[in-house]
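# after the sequence you'll find the predicted model.
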Amino acid sequence: MTGGPRVALAFHPGSGRGAAARLAGAVATRLRPHVARLDIVEGARQRLDAARDAGLDVLVVVGGDGSAHQAVQFCADTPVALGLIPSGTGNDLARALDVPTDPAAAVDALIDAFRTGRRRRFDLGKAGDTWFGTVLCSGFDAAVNDRANRLRWPRGPRRYDVAIAAELASFRAREVRIATDTDEVTLPAMLVAVGNTSWYGAGIPVCPGADPADGLLEVTVVGRAGSRELVRVLPRLRTGRHVEHAAVTTLQARTVEVAEVGSRAGDGRGPWPVFADGDPLGTLPVSISCVPQALTVLA
């Protein structure tokens, strides 16, 4: 086929416990008749850069949120459109962009977008030089993620169970300052989440009012809570009803700065870690902005 877009199909061999690698060949077979060129890229940014230098219209990623996060870094603020074939454990960016969760249906949607030329533009969050499509977080959930990443045992989801139990026993609220383009608040917090989209952690709507097409970020702050109260608040995250709790504050803004106030001696552990799209992004303080329509998506 001589017409159609020039496409790179990227996947990471370990994404989705090998699901991405198993899917990539079948996806390539489905896409090839509908594109002018198809480059297969296995987890190598240099090969993606080479494909872009040769002329690239679309980057299709087979994988989960980690792979999507890397693809966002590549496509953000460029003419290269992003296509997602979800095959990870979370798929939160795909969920937010209304991409079918079934890989076969996602491929059908991509082929239809190739045929019709249909594209959509979405906002992205940006912290320093790093773009994010879903949620940037700090506090309890980021500490759980950080602890789980450092555990050598147990493997799999049980690591997070152990990390949650450990953090519930030791985690303490800290005074944080949240400055936006319209407001500034200082308050004790257990968790701060800044959402470009609603979901993180495989479908938890931590920022339920976030809309990636409104030019705004949504900030969710869970205030001071003991371990028993935190245990009661956390299950509400699954439904988005945590925002109804008296300890929860929400804000909307174009720019957000989050910083700790005063001494960090409260729990004896250094500054809070920061994660964006589930990937580590240093520690507080952090400055975040919403960049409207920074990402083009085939949908």
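Looks like it arrived, so ask away.

# measure Lys20 to Arg150 for me?
Quick fix: residue 20 is Ala, not Lys. Separation of Ala20 from Arg150 (C-beta to C-beta, to the nearest Å): 25 Å. Yep, even glycine has a C-beta here, placed from its N, CA and C like the rest.

# same question for Ser289.
30 Å.

# between those two, which one's more packed in?
Ser289 (15 against 9; other C-beta atoms under 10 Å).

# just the CA trace of whatever helix or strand the more buried one lives in, in PDB.
Using DSSP states H and E, the element containing Ser289 is strand 286-298. Output of strand 286-298 as PDB, limited to C-alpha atoms (Å, rounded to 0.1, in the frame of the first residue of the first chain):
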ATOM      1  CA  VAL A 286       7.500  20.300  42.300                       C
ATOM      2  CA  SER A 287       6.100  22.800  39.800                       C
ATOM      3  CA  ILE A 288       3.400  21.600  37.400                       C
ATOM      4  CA  SER A 289       1.700  23.200  34.500                       C
ATOM      5  CA  CYS A 290      -1.100  22.200  32.100                       C
ATOM      6  CA  VAL A 291      -0.100  22.400  28.400                       C
ATOM      7  CA  PRO A 292      -3.400  22.600  26.400                       C
ATOM      8  CA  GLN A 293      -3.700  20.400  23.400                       C
ATOM      9  CA  ALA A 294      -0.100  19.100  23.600                       C
ATOM     10  CA  LEU A 295      -0.900  15.600  22.500                       C
ATOM     11  CA  THR A 296      -2.500  14.400  19.300                       C
ATOM     12  CA  VAL A 297      -4.300  11.000  19.600                       C
ATOM     13  CA  LEU A 298      -5.700   8.800  17.000                       C
END
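
# summarise which helices and strands it is packed against.
Strand 286-298 is packed against helix 65-75, strand 81-86, helix 103-116, strand 119-127, strand 135-139, strand 255-260, with contacts defined by 3 or more C-beta pairs under 8 Å, 6 or more residues apart in numbering; DSSP states H and E.

# got the angle for the fifth one vs strand 119-127?
Meaning strand 135-139. 20 degrees (axes from the mean of the first three to the mean of the last three C-alpha atoms, to 10 degrees).

# with the first one instead?
Relative orientation of helix 65-75 and strand 119-127, computed by the same axes, to 10 degrees: 100 degrees.

# elements contacting helix 65-75?
Using 3+ C-beta pairs under 8 Å, 6+ apart as the test, helix 65-75 ends up in contact with strand 6-11, helix 45-53, strand 58-63, strand 81-86, helix 92-96, strand 130-132, strand 286-298.

# now for Ala202, how many residues are close by?
By other C-beta under 10 Å, the residues close to Ala202 number 14.

# any low-confidence regions in the stretch 51-200 of the chain?
Scanning the stretch 51-200 of the chain for pLDDT under 70 picks out the ranges 155-161.

# nearest to Arg236, of the helices and strands packed on helix 65-75?
helix 92-96 (18.2 Å; C-beta to C-beta).

# contacts made by the closest one with the rest, please.
Identification of contacts with helix 92-96 by C-beta atoms under 8 Å, 6 or more residues apart in numbering yields 65, 68-69, 72, 84, 86, 101, 106, 133-135, 197-203, 212, 277.

# repeat that with 7 Å
Under the criterion C-beta atoms under 7 Å, 6 or more residues apart in numbering, residues 65, 68, 84, 86, 101, 133-134, 197-200, 202-203, 212 lie in contact with helix 92-96.

# and if you look at stretch 141-153?
By C-beta under 7 Å, 6+ apart, stretch 141-153 touches 159-160, 162-164, 166-167, 171, 191, 272-275.

# just the buried ones from those residues?
Arg159, Tyr160, Ala163, Ile164, Glu167, Phe171, Leu191, Trp272, Pro273, Val274, Phe275 (16 or more other C-beta atoms under 10 Å).

# who's the last one bridged to?
In this structure, Phe275 has the following beta-bridge partners (DSSP bridges): Cys137, Pro280.

# any chance of the contacts of stretch 141-153 in a markdown table, plus secondary structure and distance to Val58?
Formatted as a markdown table, these follow (DSSP: H, G, I helix; E, B strand; the rest coil; distance: C-beta to C-beta, whole Å):
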| residue | secondary structure | distance to Val58 |
| --- | --- | --- |
| Arg159 | helix | 36 |
| Tyr160 | helix | 34 |
| Val162 | helix | 41 |
| Ala163 | helix | 37 |
| Ile164 | helix | 39 |
| Ala166 | helix | 43 |
| Glu167 | helix | 41 |
| Phe171 | coil | 43 |
| Leu191 | strand | 36 |
| Trp272 | coil | 37 |
| Pro273 | strand | 34 |
| Val274 | strand | 31 |
| Phe275 | strand | 28 |
